[in-house]
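Visitor: coordinates for the following, if possible.
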Amino acid sequence: MAKILVALTDERVMRYVSDDLTAHGYDVHCANSIESVLDSLAEDRFDAMVCDIFQPVIDGVALFATVARASPGTRVVALMDFQSARARNYDIHVWTDSILTKPFTSQRICDEVAFVLN
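Guide: Residues are numbered from 1 along each chain as shown. Next comes the predicted model:
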């Protein structure tokens, strides 16, 4: 069973994604802050991480670079708001395995996680 770390800024969306991934058979762990993401990565190994590009403390690009150094085997699915002009200026493809734009369906996120794991 693949272990997935879900780190989203919106608690409601994080629970939605977590519940859907769990229903698809993944072992899901949630992190609601950058500190808890870093703690989780230090304590455990994750096959994939689902994360917002924009984070309150550091931006997602810096977080993705940190994940790549701390846990090189962890695949990253980045979520972004399609309308966000700032996101389009980032070269996030270097640090991520997949990018999903919001809104997304539960099936789409599960499909994307399955894709990056295969």
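Visitor: in terms of secondary structure, what does the longest strand along the chain contact?
Guide: If you go by DSSP state E, the chain has its longest strand at strand 75-81. When contacts are defined as 3 or more C-beta pairs under 8 Å, 6 or more residues apart in numbering; DSSP states H and E, strand 75-81 sits against strand 48-52, helix 60-70, strand 98-102, helix 106-117. Placement of C-beta: from N, CA and C, glycine included.
Visitor: ok, which of these comes nearest L38?
Guide: Set against L38 and scored by C-beta to C-beta, the helices and strands packed on strand 75-81 come closest in helix 60-70, at 7.1 Å.
Visitor: please pull out the lowest mean pLDDT helix or strand from this structure.
Guide: helix 85-88 (a mean of 48; mean pLDDT, DSSP states H and E).
Visitor: and the gap between N32 and V77?
Guide: 17 Å (C-beta to C-beta, to the nearest Å).
Visitor: who's more crowded, those two?
Guide: Using other C-beta atoms under 10 Å, the more surrounded residue of N32 and V77 is V77, with 22 against 14.
Visitor: give me every residue that touches the most centrally placed residue in the chain.
Guide: Nearest to the geometric centre of the chain sits V50, at 1.7 Å (C-alpha atoms, centre = their mean). The neighbours of V50, taking C-beta atoms under 8 Å, 6 or more residues apart in numbering as the test, are I4, L5, V6, A7, L8, V17, L21, V77, L79, I109, V113.
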